[in-house]
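Trainee: here is a sequence together with a model predicted from it:
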Amino acid sequence: MAVLTVESLRKTYTTDRGGVLAVEDVSFTVEDGRFYTLLGPSGCGKTTTLRSIAGLERPEGGVIRLDGAVLSGEGRFVPPYERDLGMVFQSYAIWPHMSVFENVAFPLRVGKVRPSSGEVKRLVEEALALVGLEGLEDRPAPQLSGGQQQRLALARALVRSPKLLLLDEPLSNLDAKLRERMRIELRELQRRLRITTVYVTHDQGEALFLSHRVAVMHAGRIVQEAAPRDIYAQPSSPFVADFVGLGTFLEGEATVGGVRTLGSVVRCALPPELAPGAPALIVVRPESVRVHPVAPDVPNVFAGQLRVAAFLGDHLDCLVQVGGVLVRARAHPGMDLRREQQVWVELPPQECVAVRDDGWRPRALTDRIGDED
Amino acid sequence: MVVPALAALLLILLTALPLGMLAIGSLQTEGTQGLTLANYLGVYGDPRTYRLLQNSFLYALGTSAVAILLGTSLAYIVERTNVPMRRAVFAVTLVPLIVPGIVSTIAWIYLASGKIGVLNKLFMALFGLQTPPFDVYGMLGMIWTEGLHLSPLVFLVMVGSMRAMDPSLEEAAVTSGARPLRTLRMITLPMLVPALAASMLIMFVRGLESFEVPALLGIPARIPVFTSEIYLALRQYPQDYGVAGALGMGLLLVSAVGVWTYGRLTRRAERFATITGKGYRPRRIDLGKWRWVALTFMVAYVLVVVVLPFLVLLFVSLLPFYIPSFDMLQRLTLKNYVTVLEHPDTLLAARNSLILAIASASITMALTAVIAWIVIRTRLPGRRFLDLLAFLPIGIPGLVLAVAIVFELVNFPIPIYGTLAILVIAYVTRYLPYGMRTNSAAMLQLHRELEEAAAAAGASWWITFRRIVVPLLWPSLVAGWIYVFVVSVRELSSSVLLVSPQSVVISFVIFDLQVSGQSTAVAALSVVLVVALVVIVGLTQGVSRRVGVREG
Amino acid sequence: MGKQRISTLLGILGLVAMACGGAPTAASPTPTTPAATSAAAASVAPTAKPGELDDATIAKAKVEGEIVLYTSLSSSDAKKVGDAFAASAKSYGVKITVNRKSSESLVTQFMTEVKAGKVLADVLETGGLDLFQAIKAGYIEPWKVPAAADFPADLKDANGMWHAARLGVETISYNTSAVKDADAPKTFEDATDAKWKGKCLIEATDIEVLLGIGERKYKGDSAKAQDLVTKLMANCTPSNGHTETLDKLIAGEGAIFWGGHAHSTEQKRNDKAPVDYMQAEGVVTIDGPGLVKGAAHPNAARVFINWYLSDGQKVLADLFRVPAKPGAANPRLLPKTIYYTGPTLAEKFATYQEIWTKTVKK
């Protein structure tokens, strides 16, 4: 059993400009064998939280417990080398002066309990096999490719079968194809080993794909925590909605049956906290927006002009100007659409999500993708 | 590849003649024509030479050990941990570098001489001892004084290296279960081998060719070293370049062996590539309650190495002559500072020294950065030879270098003889070895793929060098620059021959004051230098922090 | 690039020349050449007044208009001398450039320049032993200085190769807090007395003092000199540098300093430091000017040298130095018994060096 609980974690940094609150009142629980992701833009505090769990940072407040035993807090602090965990760093932190074998064997050789050298050999080979690096034991570590180094880091983290696995944006340095593949392998590995895992990333695709639960962080706090599907479909705030997936935001006012916007009313379900008259936003994902060359007879249809129709292989990425808003949509690649053509966009009510407008806005559309460091 | 080619050419031009002169001079003797091995036979056939060598080796090893131990520990604490007040310490640590050797050694005599040392008197009074606990004269005193004097150099080299080290390498170790000391031993230190080896090499050769400390502290204890012989040979009538040459060539041989060893140690460059460009932010290790221990160590270091001798200097600078007695407090005077100001050359020398320091430091670091790149990145045949050539000047006595330059340039069509330009040439040649070692160690930390990425993106060699290599090497470049800047103000043995009335420098003024018996004025000038240094280095630190990899 | 290579080659060749240069070569530097004789004759030609230069020389000097002086005086002293010369009527408007270095460096620089083919100095003013190297190499021109006509024979060369301008007096300095005047050493040998064991300081390369004692006091008895050094080394602690050793003496590191310089000790004594020095006997080293052969401004050089050995002597006295001109020095600074060293003893230096270093090296 390895249950991680974090309660009211608080950590401040002092920079040249004075104190910066990196993590403020963060609490969550990771159940045994579950994959938990901290998702957010850079500076949101996710890495600090992870490092606090590892013991590389000393929080000022809060308690971190693993299986009930206090790791930090309540006047105690267990140093990182006494915590039963394995960690994968963003830069992999492979030791260049050692071979693959030595890198993986290191945790076994430095701990309190040291297995015999025969046992070490066995465990290392197992770990390497887990990640698909068998046969490379004697190679000097720097000679591995990027993807191989990442696996090496993973093998090293897992070799002593720790209770907790921590990963700090491990895939961000890989190219797109490799990242896809590693994502799949990582997920499969974790599900098989059932090791309690905390993962940090700014990539929402990874978060949704890998996790049992996702916590979206913003400015040092967790703003929403739920299963991937729920985070995606039922964002609780504009920030979450924007961060976890692309979407179009429609500003308006809650009313009975929907939200008043685009000169009309978009019909959709309203969350309980959204009273009529309150400022609201409709969030609708591009893949849910349907583009029609002629006006269909369905609810939530709006006329507009097609500004952009970019061919992306498996779909057409469209931007339709409806009133003063650019609505993002995906169309079938085979559709015959021309720029400046008049089209009708349909926002199916069941696909529209209404959130309370707290004033937060994303940056401009064009730089929303990849806006993190 | 124009720039590397030019750099290599410049290197050869600078070093070939002095080395040639030394070599040829060693093969000649008074009164005989042609070349002969008589000097070598005379020097190396004399059993006394081996006693000297033994003393020198012992001395060099001792000072290296002290300097490396102190310098590395301090560098680690200041650079990698969260000890408070570390930024203040940085500039202060460099103070021993600028104090001329003769001045700091005399300060230690006044502190720890058996008969007149203040510390001895203090300890004897406090603890009721009968015999003085410290004796600065003798091998231990020599090692202590020179080791302290050299530790800032190690500090600078190691700081440059550590600043460029991805801390997640150590974090990976502690999260794998390794305690801090084990992490230091198995991860940190092996990664720092290039910098450590570079430091050891420089320290060792410096120890061998050190002159002032063995002269002031060894002669009274009758511990002669190699350099005493060289000095004696050059003080004879007529000066015996033959013997000096034969001894000097011995030093060069040791240097060459050192460089070769260094090359072998650091052969597999990728083992030390700690800057891999996979996005890291330098972070500091939290020492927890050990912070206070580290702070104590830091403060103790500063007190003993910097403050104590400085206080002695300050005191002496305010006296007409020095007697270790409280009565002297009644004789305090500012006359020495007046003497310094009234010296005909002081202001001109200050200006010249500043210009020279900036020029030498910049040219040296720039040139050696390019040469280091050639040695480490390319597979050109003969690059090891360039490496050697850049290091050998450390073994050339300053006087020999100066004579070579006079020869070469007194007839030069462009009238640079007697100007600052020839001093720049001399200084750059002298400091090539230091720049070379720091840059070489730093370049090893840089993974080649960082440059390859730039090349793949279409950048020319020069652009890659300027925009990729230099910014990433910045900490080491700055460290080396600071070192050359500071010690060039102190450079004496070449300057003493090459200055002219318009190109006097501070070290020359100091030397002039010292030999004319104005040692207290020398103390005053040293005090001024120290203050100036702390201010300048403080400013440089501010600048260097804005460039390069930012701290997280 | 071609020029570099040529000059490099010249440099290497110069090395060879340099090594050979020290040996007695066929081209002997003694004043037997016609040019030297006529120069000597010229200076003996009817002059305006005794001790003064003839008008022809002065006229030529005015045309030359400047002189480059290489001197081993300290910077401030050199500047004061230069300024005094420029201000004097006897400079006849000649401008002076002073290049000052320590004695060894000065001669090294000078000789290297000359070997490379460039004569940049007009006057070389330095210690006698160093000047002798330049004389031996044939770089100095003999000329009898009118102002030195009445100098005693010890203080000048009969042929005019060198003249004493300033003297270095080396005796035994002592710390007056530790030593009463009555107990202070009265001879050089006193320092070998057992009562000074461990309290005596000696400068590690003070061979010239031994040279003076050995040749003048012991009349060349090297065995006696050897004996002296052996006893001294057993009694005294070697130390590096005259300034440093004097400082140590004052601070109390020793009670006496064998070979201490009288004039620096006198300066400290003036500052009320507890030091004094033996006056019964002393070795006196000779420093002075040499006229450079092939100088660019030979007549201006003569003007300077003549001034230096006449009015210039007072300037030296004001600088607490020991001018050579009879009667110009502070009498306290001149020992009762004097053992002169200088260019005449230069060739004996090697003997005493061997004696000294052999003993020290044990």
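Mentor: Okay, I see it. Numbering: from 1, shown residues only, chains lettered A, B, ... in the order given.
Trainee: kindly list the longest helix within chain B.
Mentor: helix B:47-80 (DSSP state H).
Trainee: in it, which residues are buried?
Mentor: B:49, B:52-53, B:55-68, B:70-80 (16 or more other CB atoms under 10 Å in any protein chain shown). Any C-beta I mention is one placed from the backbone N, CA and C, and that applies to glycine too.
Trainee: packing partners for it?
Mentor: helix B:86-93, helix B:139-163, helix B:193-209, helix B:226-234, helix B:290-301 (3 or more CB pairs under 8 Å, 6 or more residues apart in numbering or on different chains; DSSP states H and E).
Trainee: just the terminal-to-terminal distance for stretch A:232-250.
Mentor: End-to-end distance for stretch A:232-250: 17 Å, by CA to CA, to the nearest Å.
Trainee: pLDDT averaged over it - what is it?
Mentor: Averaged across stretch A:232-250, pLDDT comes to 83.
Trainee: what do you get for stretch B:69-79?
Mentor: Stretch B:69-79 comes out at a mean pLDDT of 89.
Trainee: stretch B:338-349 now?
Mentor: pLDDT averaged over stretch B:338-349 gives 90.
Trainee: follow-up on the earlier one: just the angle between the longest helix of chain B and helix B:290-301, please?
Mentor: In terms of direction (axes from the mean of the first three to the mean of the last three CA atoms, to 10 degrees), helix B:47-80 departs from helix B:290-301 by 140 degrees.
Trainee: circling back to that earlier point, so for chain C, which of the helices and strands packed on helix B:47-80 sits nearest?
Mentor: Closest approach to chain C among the helices and strands packed on helix B:47-80 is made by helix B:226-234 (6.9 Å; CB to the nearest CB).
Trainee: thinking again about what came up before, same list, the helices and strands packed on helix B:47-80, but as a markdown table with distance to chain C, mean neighbour count and mean pLDDT please.
Mentor: Below are these laid out as a markdown table (distance: least, CB to the nearest CB, whole Å; neighbours: other CB atoms under 10 Å in any protein chain shown; pLDDT from 0 to 100):
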| stretch | distance to chain C | mean neighbour count | mean pLDDT |
| --- | --- | --- | --- |
| helix B:86-93 | 27 | 19 | 78 |
| helix B:139-163 | 13 | 25 | 88 |
| helix B:193-209 | 17 | 24 | 84 |
| helix B:226-234 | 7 | 22 | 75 |
| helix B:290-301 | 27 | 15 | 87 |
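Trainee: possible to save those helices as CSV with distance to B:A5?
Mentor: Supplementary listing: the helices and strands packed on helix B:47-80 in CSV, determined by distance: least, CB to CB, whole Å:
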stretch, distance to B:A5
helix B:86-93, 37
helix B:139-163, 27
helix B:193-209, 25
helix B:226-234, 36
helix B:290-301, 44
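Trainee: adding distance to chain A, write these out as a markdown table.
Mentor: Formatted as a markdown table, the helices and strands packed on helix B:47-80 follow (distance: least, CB to the nearest CB, whole Å):
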| stretch | distance to chain A |
| --- | --- |
| helix B:86-93 | 11 |
| helix B:139-163 | 14 |
| helix B:193-209 | 8 |
| helix B:226-234 | 36 |
| helix B:290-301 | 11 |
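Trainee: how about those helices, which one is nearest A:D317?
Mentor: Ranking the helices and strands packed on helix B:47-80 by their distance to A:D317 (criterion: CB to CB) puts helix B:139-163 first, at 44.9 Å.
Trainee: quick one, domains of the chain?
Mentor: I'll assume chain A. A:4-231, A:239-367 (automatic domain parsing).
Trainee: I was after chain C.
Mentor: If you go by automatic domain parsing, chain C breaks into C:46-166+C:287-333, C:168-284+C:337-360.
Trainee: gap between B:S228 and B:R222?
Mentor: From B:S228 over to B:R222 the distance is 11 Å, taken as CB to CB, to the nearest Å.
Trainee: apologies, that question was intended for B:V509.
Mentor: 33 Å.
Trainee: repeat that for A:A105.
Mentor: 55 Å.
Trainee: who has more neighbours, those two?
Mentor: A:A105 (22 against 15; other CB atoms under 10 Å in any protein chain shown).
Trainee: which parts of the helix or strand harbouring that one are buried?
Mentor: Element membership of A:A105 [criterion: DSSP states H and E] is helix A:100-110. For helix A:100-110, a neighbour-count test (16+ other CB under 10 Å) marks A:100-110 as buried.
Trainee: contacting residues for B:I510?
Mentor: B:100, B:103, B:492, B:522, B:525-526 (CB atoms under 8 Å, 6 or more residues apart in numbering or on different chains).
Trainee: could I get the average pLDDT for the helix or strand where it lies?
Mentor: According to DSSP H and E, B:I510 maps onto helix B:506-515. On average, the pLDDT along helix B:506-515 is 89.
Trainee: dump that helix to PDB, restricted to CA.
Mentor: Provided in PDB are the C-alpha atoms of helix B:506-515 (Å, rounded to 0.1, in the frame of the first residue of the first chain):
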ATOM      1  CA  ILE B 506      51.600  49.500 -10.300                       C
ATOM      2  CA  SER B 507      53.700  46.500  -9.600                       C
ATOM      3  CA  PHE B 508      56.700  48.400 -10.700                       C
ATOM      4  CA  VAL B 509      55.900  51.300  -8.400                       C
ATOM      5  CA  ILE B 510      55.600  48.700  -5.600                       C
ATOM      6  CA  PHE B 511      58.900  47.200  -6.400                       C
ATOM      7  CA  ASP B 512      60.500  50.600  -6.600                       C
ATOM      8  CA  LEU B 513      59.200  51.600  -3.200                       C
ATOM      9  CA  GLN B 514      60.200  48.300  -1.700                       C
ATOM     10  CA  VAL B 515      63.800  48.300  -2.800                       C
END
